[in-house]
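*Asks:* Pasting the sequence and the predicted model now:
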Amino acid sequence: MKYHYQEGIVEKDRKGHKKAWLGFFVVFSAIAYGGFIFTALALNGYPLQPVDTTAKLVKDTKPGSLGNRLFIPAINVNANLNGPVEQSGDPAKTEVKLSGNQLAPGVTPDGLRSSSPFFNLDKLRSNDEIFLDNSGTRYVYKVVRSSSSSKKLTLKSDSKSLVAEGVGTVAWHNGSAQLKAF
């Protein structure tokens with residue numbers, strides 16, 4: 001309602017209401033989109049991406065054909081080692097340490113997942129497999145509570161840390177993958 005000093009109470013100010021509704025719609029849309037993105041991140045990309053996408057990729061590609069990459073099928077991680085994940089150490093010789101973001105900005109669900117590869121690191125259980133492609137060789141690790149092995153992989157994010165022990169390497173023989181133990 002609006003009050004005019006000569007006319008008294010006059011018609012409602014509709015322009016102010018339009019601005020309020022527009023502001024409400026913009027804020028509500030931003031909150032809903034943010035919720036959608038974080039829900040997709042917490043669900044490992046499902047429903048936008050099947051949960052077994054990384055497992056199929058590891059099974060169907062030759063070691064090193066996609067470059068230096070980290071694959072964690074249990075939490076649907078497929079990360080470039082020259083991007084969001086940083087590597088120190090050589091898996092052929094020493095212990096390897098990988099560090100990445102637990103949560104980093106991203107506009108789309110896939111962008112958020114690729115910039116936050118270790119978001120679901122705490123969902124990994126003992127004996128879950130981790131694959132590391134480095135210089136044309138695919139190294140296989142299994143998650144353990146602690147390890148004293150020299151063939152060890154440590155995944156570290158902002159607040160989480162995980163240890164995996166080396167199992168072996170994957171060799172491509174007659175069109176299929178075969179595990180060779182260390």
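*Replies:* That came in fine, so what should we check first? Numbering: from 1, shown residues only.

*Asks:* which residues sit against stretch 149-167?
*Replies:* 91, 94-103, 118, 121-122, 124, 129-130, 132, 139-147, 179, 181-182 (CB atoms under 8 Å, 6 or more residues apart in numbering). Just so you know, the C-beta spots here come from the backbone N, C-alpha and C atoms, and that holds for glycine as well.

*Asks:* Make a PyMOL selection of the buried ones in those.
*Replies:* Provided next is the PyMOL selection string for whichever of those are buried by 16 or more other CB atoms under 10 Å:
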select buried, resi 91+95+96+98+99+100+102+118+121+124+129+130+132+139+140+141+143+144+147
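
*Asks:* which residues sit in contact with the residue sitting nearest the centre point of the chain?
*Replies:* What sits nearest the mean C-alpha location of the chain, by CA atoms, centre = their mean, is P117, with 3.0 Å. Residues in contact with P117 (CB under 8 Å, 6+ apart) are L70, V77, A79, P84, V85, G100, N101.

*Asks:* Separate out the buried members of those residues.
*Replies:* L70, V77, A79, P84, V85, G100.

*Asks:* with these in mind, which one is nearest to F36?
*Replies:* Proximity of the buried ones among the contacts of P117 to F36 (CB to CB) peaks at V77, which lies at 20.3 Å.

*Asks:* low-scoring stretches of this protein, by residue?
*Replies:* 1, 10-16, 40-42, 44-49, 51, 101-116, 148, 150, 172-182 (pLDDT under 70).

*Asks:* In it, spot the helix with the most residues.
*Replies:* In the chain, taking DSSP state H as the definition, the longest helix is helix 14-42.

*Asks:* List the ones among the contacts of stretch 149-167 that fall in strands.
*Replies:* In strands, judged by DSSP state E, the following of the contacts of stretch 149-167 are found: 96-100, 129-130, 132, 139-144, 179, 181.

*Asks:* Understood, closing this out.
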